[in-house]
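**Student:** everything below, folded, please.
(chains A and B)
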Protein chains: 2
Amino acid sequence: MTHDPILGIDLGGTKLALCVGQTDGTLLATTRREGWASGDWRRDLDAIAAQVPALLERTGRAGARLGAVGISAPGPLDVPRGRVAAAHNIAGWRDVPVVSYLREKLGVPRVTLENDANAAAFAEWRFGAGQGTRHMVFLTMSSGIGSGVIVDGKLLHGASLQAGEVGHLCIEPRGRLCSCKLRGCLEAYTGGHALADWIREEIEQRVHGAHESQVLERAGGDPKRIDARVWVAALRDGDRYAGHLRDRYLERLTQGLTALITILDTECIVLGTMLQANPDLFLDELRERVKSSTWREYHHVRLEVGKLGEELPFYAALCAAECGLEPSDSR
Amino acid sequence: MTHDPILGIDLGGTKLALCVGQTDGTLLATTRREGWASGDWRRDLDAIAAQVPALLERTGRAGARLGAVGISAPGPLDVPRGRVAAAHNIAGWRDVPVVSYLREKLGVPRVTLENDANAAAFAEWRFGAGQGTRHMVFLTMSSGIGSGVIVDGKLLHGASLQAGEVGHLCIEPRGRLCSCKLRGCLEAYTGGHALADWIREEIEQRVHGAHESQVLERAGGDPKRIDARVWVAALRDGDRYAGHLRDRYLERLTQGLTALITILDTECIVLGTMLQANPDLFLDELRERVKSSTWREYHHVRLEVGKLGEELPFYAALCAAECGLEPSDSR
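**Tutor:** The predicted structure follows:
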């Protein structure tokens, strides 16, 4: 814990989010930039460091010493070495020693790294929909399914810092091929990219009425432009195929959530991104399905959507300073 | 922690196991009794209490004060009230205030209660196959599938003391009906009772060659006497149907284990009872299957069989004094 301001850095695929804040969750100054990655990670990190004085000035503490730096980054990470191993969505970011580079550049001894799903989970737990619980799971429901698990008031890192990969829970041993090369992962049925692939396949195969659905039309007739957004729009318009897909989506998601509940006996599952943007389309039925697929002893579990919304990356970055890990060489 | 001797009580369906031991896992004196339940829980608990002086005498500490009492009991328990809610296998045991009764009877202030699978998990972790790990899961593979989860050096109790119910992980949403009334639970495919039911069904339906298998003959021609033991014996004899069932068994078990690995990123999964008794029939292939169904990042996970064997109930009872909970009224 530190009383000096904390710098939070969220390295997003498209957006970079920076903030200066306090351990109690107060955001003192924030800034966001689209298309920030230049293709050269050194230049990117130098540009981040160059923004710190102005951020501090906006908090009224120009020239203040930073107490800690938290970095929230997409996996895979090499946390014991303080590196971003391969951020597929950030140009030029391969094997980046982000912790040591920023430690030196900013002169801050405590720099911690956390994967973005874990940091977001911790943020929703400390400051969002999971406040007041001891046990919580957060799921991002985006192009992929990321997640983070809070157990007994602590982020669960696991034996090899790979806990909570709920997106790759096997829900069907011989099921659909996932982007991770395994079969039947939850993400292969509920991730945005996988859903789009599934829709394209079904249009081509002319099954479940996919070829007669609005989905392709809403994508401007271009199968490549089909995505989860197009599906949701068709669903809102009462499209029959979109509704059929929703049934399968909810069945699979229910299976994933009941696995979490049965193993972890958690208090609250917080659903982000797509569910957060469309609770009216999914949430009530999901709650019903989960209830009827679990023991009475687990009916206390709350299903909620994320509360931090657009501010999530800032809180996640701030939380990375608390829940993230320092490289083992510095401990 | 206490330096006074600890009394451990394992309330088994058929066997009662009592021990006096130390927190470091030293068993000073043990005793076991079959068919111990009289149908009257008060009489049973009085009989247990009556054995304590003789047990203490055998440790060379006649008349010593007990530092704590640990009780390992079959669920469902009402831990916050210190009660065994309904031990279906123990005659007359319904809503038994086991903690308060023994606290008074023995004059020991610290009496803790833990469900038997959790206590066994803790025992294998502290003194058996999971020694030295920070994260471990233990599965009893008996008539049902019980389990306990160690996370970061602590037993995971969960929000409502129902964590780690791995036997009731849904592996097939519209699958076989489980004894718990849900569908597609791991136990419905891998628990001893469920396997026996499955075999009986398949013999009746004359599918997969079940009706031509040795299984029924080995059960003396009586379908009611079919159990997992009979299946294993047929398997050892090269019976084709028994081998077919083994394939399905391993596929389902693999799905359950990969769920644990993906969510918990554990270090070690310890398999008890049937797997422990027959590692040569299952363990190598199970390891292979789990490896090929999980990410490389998880290949560090060890699958082992339990090490404590026949002594497990004593260690579990001793551990219940450490990992078990006191009723909330006494805290």
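**Student:** show me where the stretch 1-150 of chain A has its strands.
**Tutor:** A:6-11, A:15-21, A:27-34, A:68-73, A:77-78, A:83-86, A:94-96, A:111-115, A:136-141, A:145-151 (DSSP state E, counting those that start in this stretch).
**Student:** who wins for proximity to A:E285 among those strands?
**Tutor:** Closest of the strands of the stretch 1-150 of chain A to A:E285 is strand A:136-141, at 14.9 Å (criterion: Cβ to Cβ). Every C-beta, even on glycine, is put in place using the N, C-alpha and C of the backbone.
**Student:** who does the closest one pair up with?
**Tutor:** Strand A:136-141 sits in its sheet next to strand A:145-151 (antiparallel), strand A:268-271 (parallel), going by DSSP bridges.
**Student:** need the winner for burial among those strands.
**Tutor:** Mean neighbour count (mean count of other Cβ atoms under 10 Å in any protein chain shown) peaks for strand A:145-151 among these, with a mean of 28.
**Student:** give me the contacts around that one.
**Tutor:** A:115-122, A:125, A:130, A:133-140, A:155-156, A:163-167, A:186-187, A:190-191, A:260, A:264, A:266, B:151-152, B:156, B:263 (Cβ atoms under 8 Å, 6 or more residues apart in numbering or on different chains).
**Student:** which of these fall in helices?
**Tutor:** A:116-122, A:125, A:187, A:190, A:260, A:264, B:263 (DSSP state H).
**Student:** so, low pLDDT: which residues of the stretch 201-331 of chain A?
**Tutor:** A:329-331 (pLDDT under 70).
**Student:** quick one, strands of it?
**Tutor:** Ranges of strands in the stretch 201-331 of chain A, per DSSP E, counting those that start in this stretch, are A:268-271, A:302-305.
**Student:** what lies in contact with the first one?
**Tutor:** With contact meaning Cβ under 8 Å, 6+ apart, strand A:268-271 is reached by A:121, A:124-125, A:128-130, A:133, A:135-139, A:141, A:257, A:260-261, A:283, A:301-306.
**Student:** export it as PDB, just CAs?
**Tutor:** The C-alpha trace of strand A:268-271 is given here as PDB (Å, rounded to 0.1, in the frame of the first residue of the first chain):
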ATOM      1  CA  CYS A 268     -21.300 -13.600  -7.600                       C
ATOM      2  CA  ILE A 269     -20.500 -14.100 -11.300                       C
ATOM      3  CA  VAL A 270     -20.100 -10.800 -13.200                       C
ATOM      4  CA  LEU A 271     -20.500 -10.800 -16.900                       C
END
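**Student:** coming back round to it: which one of the strands of the stretch 1-150 of chain A lies closest to A:R296?
**Tutor:** Closest among the strands of the stretch 1-150 of chain A, once you apply Cβ to Cβ, is strand A:136-141, at 20.1 Å.
**Student:** got the buried residues for stretch A:67-82?
**Tutor:** For stretch A:67-82, a neighbour-count test (16 or more other Cβ atoms under 10 Å in any protein chain shown) marks A:67-79, A:82 as buried.
**Student:** how far does it stretch from start to finish?
**Tutor:** 18 Å (Cα to Cα, to the nearest Å).
**Student:** what do you get for stretch A:129-148?
**Tutor:** 14 Å.
**Student:** just to revisit the earlier point, out of the strands of the stretch 1-150 of chain A, which gets nearest to B:A17?
**Tutor:** strand A:145-151 (30.7 Å).
**Student:** what residues are up against A:L56?
**Tutor:** A:P5, A:V20, A:A29, A:A62, A:G63, A:A64, A:L66.
**Student:** now that we have these, which one has the most neighbours?
**Tutor:** Highest neighbour count within the contacts of A:L56: A:V20, with 25 neighbours (other Cβ atoms under 10 Å in any protein chain shown).
**Student:** on the pLDDT front, check it for me.
**Tutor:** A:V20 carries a pLDDT value of 98.
**Student:** residue contacts, it?
**Tutor:** A:5-8, A:27-30, A:52, A:55-56, A:58-59.
**Student:** using JSON lines, lay out the ones in helices among the contacts of strand A:145-151 together with distance to B:I203 and neighbour count.
**Tutor:** Formatted as JSON lines, these follow (distance: Cβ to Cβ, whole Å; neighbours: other Cβ atoms under 10 Å in any protein chain shown):
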{"residue": "A:D116", "distance to B:I203": "53", "neighbour count": "26"}
{"residue": "A:A117", "distance to B:I203": "48", "neighbour count": "27"}
{"residue": "A:N118", "distance to B:I203": "50", "neighbour count": "30"}
{"residue": "A:A119", "distance to B:I203": "55", "neighbour count": "33"}
{"residue": "A:A120", "distance to B:I203": "52", "neighbour count": "32"}
{"residue": "A:A121", "distance to B:I203": "49", "neighbour count": "33"}
{"residue": "A:F122", "distance to B:I203": "53", "neighbour count": "28"}
{"residue": "A:W125", "distance to B:I203": "51", "neighbour count": "27"}
{"residue": "A:E187", "distance to B:I203": "40", "neighbour count": "28"}
{"residue": "A:T190", "distance to B:I203": "39", "neighbour count": "26"}
{"residue": "A:L260", "distance to B:I203": "37", "neighbour count": "23"}
{"residue": "A:L264", "distance to B:I203": "38", "neighbour count": "28"}
{"residue": "B:I263", "distance to B:I203": "37", "neighbour count": "27"}
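**Student:** could you export those as JSON lines, including distance to B:L245?
**Tutor:** Converted to JSON lines, those look like this (distance: Cβ to Cβ, whole Å):
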{"residue": "A:D116", "distance to B:L245": "44"}
{"residue": "A:A117", "distance to B:L245": "39"}
{"residue": "A:N118", "distance to B:L245": "40"}
{"residue": "A:A119", "distance to B:L245": "45"}
{"residue": "A:A120", "distance to B:L245": "44"}
{"residue": "A:A121", "distance to B:L245": "40"}
{"residue": "A:F122", "distance to B:L245": "45"}
{"residue": "A:W125", "distance to B:L245": "44"}
{"residue": "A:E187", "distance to B:L245": "31"}
{"residue": "A:T190", "distance to B:L245": "32"}
{"residue": "A:L260", "distance to B:L245": "30"}
{"residue": "A:L264", "distance to B:L245": "31"}
{"residue": "B:I263", "distance to B:L245": "28"}
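**Student:** hang on, the earlier thing: out of the contacts of strand A:268-271, which end up buried?
**Tutor:** Buried subset of the contacts of strand A:268-271 (neighbour count, 16+ other Cβ under 10 Å): A:121, A:124-125, A:128-130, A:133, A:135-139, A:141, A:257, A:260-261, A:283, A:301, A:303-306.
**Student:** can you pull up the bridge partners for the closest residue to A:R302 other than its chain neighbours?
**Tutor:** Nearest non-adjacent residue to A:R302, counting by Cβ to Cβ, 6 or more residues apart in numbering or on different chains: A:C268, 4.6 Å away. Residues in a beta bridge with A:C268, per DSSP bridges, are A:M136, A:R302.
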